[in-house]
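J.: attaching a predicted model along with its sequence, questions to come.
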Amino acid sequence: MSTPTRSTGRSAHWLRACGIAVLAAAIVSLILLAFSWPTVTSQAKNLPVAVVGNAEQRAQLGAQLPADTFEVHGAQSREEAVGMIQRREVYGAVVLGTEPEVLIAGGGSPAAGTALRTLATQVQLQLDQRALAAGTPAERVPHITTTDVAPLSTDDPTGSGMAITGLPLALGGVVGGVLISLLVTGRRRRAAAVLAYGVVGGLALTAILQSWFGILQGPFWLNALAIGLTVAATAALINGLVSTIGTPGILLGVVITVLIGNPISGTSAPQEFLPWHFGAIGQYFVPGAGGSLLRSLAYFPDAPRAREWWVLTAWLLAGGLLILIGHLRAHAGQRRTAAVH
């Protein structure tokens, strides 16, 4: 009489096993999609560059550039173009005239630098074609030069080190947040642990990335503050979510930071390379703001950085607010329980 029951139980176990396998495959596919999609679909689009020259020269260059690849901004002089690069208003510049030159910023983005070097080749080809049509001797054809006004560190000549810092910082914030939420009891102690983690983690990671590997440039203490705020913001978010919705808050925090924020952060490629407006949106997540801030501190001291500081601070405060809400809710529940008894 018990055979049908055992058979039904075995069938339920098999169905559960198959369901878990499908769920695991879906999760892995989602992770693969989140990390590979921005890279596979990225392409140079509306990359802002300055052009020094008269209106006619700018119009001619703009007409000959690949459609939608570059966004041309006028500049009156080479000095103005350099200033625009140093303020991160453009990724590079083309100086037209008797001594043509392409200005790049290796510290801004290796991918953008590659696009600008390709642009230099195209400009040189145009100069050669015009000279040939006009019968100008080859020795009198101006040869374009390429100048890097914000070169990469000699310890990170390809920029790969700076490009990959985003994911370790995102994971660092997640690991700190998860450990604190699981091992530290009491919401106030968790909040204190998050701040302590930001201080210690910021100093430790900066010592590795700057003093040891030489990837980061610029002032050590500002870099430590930026990294500490980045990892603390993620850790605070995770602990805030755990305080309000429980253990599922860990998963939600990971999704927000690692699966959404990091792929569209623009740390490995310029935000303009990402489809739609994802690159711009990514600057308002912790990985995007943190990565942009570190790049500015390292290579562009004249660039405005207020937005990045405020974005990171806002995420840190949001996590703290969620911790406070969870703390007040827990105390309210304890008072109700005490009143009943």
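T.: Yep, that arrived.
J.: list the buried ones in stretch 58-69?
T.: Burial within stretch 58-69, assessed by neighbour count using 16 or more other CB atoms under 10 Å, is assigned to 58, 61, 65, 69. (Each C-beta comes from the backbone N, C-alpha and C, glycine too.)
J.: what's next to the helix or strand where Ala93 lies, contact-wise?
T.: Secondary structure assigned from DSSP states H and E places Ala93 in strand 92-95. For strand 92-95, contacts defined as CB atoms under 8 Å, 6 or more residues apart in numbering pick out 49-53, 61, 75, 78, 81-82, 84-85, 100-105, 108, 112-113, 116, 119-120, 123.
J.: do the same with stretch 214-227
T.: Judged by CB under 8 Å, 6+ apart, the contacts made with stretch 214-227 from elsewhere in the structure are 107, 153-156, 161-162, 165, 169, 201-203, 205-206, 209-211, 290, 293-294, 297-299, 301, 308, 312.
J.: output the below-cut-off pLDDT ranges for this protein.
T.: Where the chain drops to pLDDT under 70, the residues are 1-7, 9, 34-35, 37-42, 67, 331, 334-341.
J.: would you map out the domains in it?
T.: The chain breaks down by automatic domain parsing into domains covering 47-148, 160-340.
J.: between those domains, which one is closest to Ala12.
T.: Taking CB to CB as the criterion, domain 160-340 is the member of these that comes nearest to Ala12, at 24.7 Å.
J.: surely Gly107 is within a strand?
T.: No - counting by DSSP: H, G, I helix; E, B strand; the rest coil, Gly107 is not found in a strand; it is coil.
J.: name the helices or strands packed onto whichever helix or strand comes after the strand holding Ala93?
T.: Taking DSSP H and E as the definition, the helix or strand that follows strand 92-95 towards the C-terminus is strand 101-104. Using 3 or more CB pairs under 8 Å, 6 or more residues apart in numbering; DSSP states H and E as the contact criterion, the secondary-structure elements in contact with strand 101-104 are helix 78-86, strand 92-95, helix 110-134, strand 145-148.
J.: buried residues, the strand holding Ala93. List them.
T.: Going by neighbour count (16+ other CB under 10 Å), the buried part of strand 92-95 is 92-95.
J.: closest one of those residues to Leu328?
T.: So of the buried residues of strand 92-95, ranked by how close each gets to Leu328 (CB to CB), first place is Gly92, at 51.7 Å.
J.: so what's that closest one bridging to?
T.: For Gly92, the beta-bridge partners are Val49, Ile104 (DSSP bridges).
J.: from Asp302, how far off is it?
T.: Spatial separation of Gly92 from Asp302 under the definition CB to CB, to the nearest Å is 16 Å.
J.: and Ala50, by the same measure?
T.: Ala50 is 15 Å from Asp302, where distance means CB to CB.
J.: ok, these two, which is more surrounded?
T.: Set side by side, Ala50 and Asp302 show more neighbours around Ala50, with 25 against 10, by other CB atoms under 10 Å.
J.: which PyMOL command selects the buried ones in the contacts of stretch 214-227?
T.: For the buried members of the contacts of stretch 214-227, the matching PyMOL selection, counting by 16+ other CB under 10 Å, is:
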select buried, resi 107+153+156+161+162+165+169+201+202+203+205+206+209+210+290+293+294+297+298+299+308+312
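J.: from the contacts of stretch 214-227, which land in helices?
T.: Among the contacts of stretch 214-227, the members falling in helices (DSSP state H) are 161-162, 169, 201-203, 205-206, 290, 293-294, 297-299, 308, 312.
J.: which of those residues sit farthest apart?
T.: Maximum pairwise distance in the ones in helices among the contacts of stretch 214-227, criterion CB to CB, is 23.0 Å, between Gly201 and Tyr299.
J.: if we can go back for a sec, out of the contacts of strand 92-95, which end up buried?
T.: In terms of neighbour count (16+ other CB under 10 Å), the buried residues within the contacts of strand 92-95 are 49-53, 61, 75, 78, 81-82, 84-85, 100-105, 108, 112-113, 116, 119-120, 123.
J.: next, give phi and psi for Leu321.
T.: Phi and psi for Leu321, reported as degrees, to the nearest 10, are phi -60, psi -40.
J.: can you give me the neighbour number for Leu132?
T.: Summarising burial for Leu132: neighbours were counted as other CB under 10 Å, giving 11.
J.: for the stretch 201-341 of the chain, which segments count as helices?
T.: Along the stretch 201-341 of the chain, the stretches classed as helices by DSSP state H, counting those that start in this stretch are 220-245, 248-254, 278-282, 286-299, 306-340.
J.: distance to Leu30 for those - can I get that in TSV?
T.: Shown next, in TSV, are the helices of the stretch 201-341 of the chain (distance: least, CB to CB, whole Å):
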stretch	distance to Leu30
helix 220-245	19
helix 248-254	12
helix 278-282	16
helix 286-299	17
helix 306-340	23
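J.: for Val22, which of the ones you listed is the nearest?
T.: Of all the helices of the stretch 201-341 of the chain, helix 248-254 sits nearest to Val22, with 17.9 Å by CB to CB.
J.: mind listing what's buried in that closest one?
T.: By neighbour count, and taking 16+ other CB under 10 Å as the criterion, the buried residues in helix 248-254 are 249-250, 253-254.
J.: how many neighbours does Ile180 have?
T.: Using other CB under 10 Å, Ile180 has 22 other residues around it.
J.: nothing else from me, thank you.
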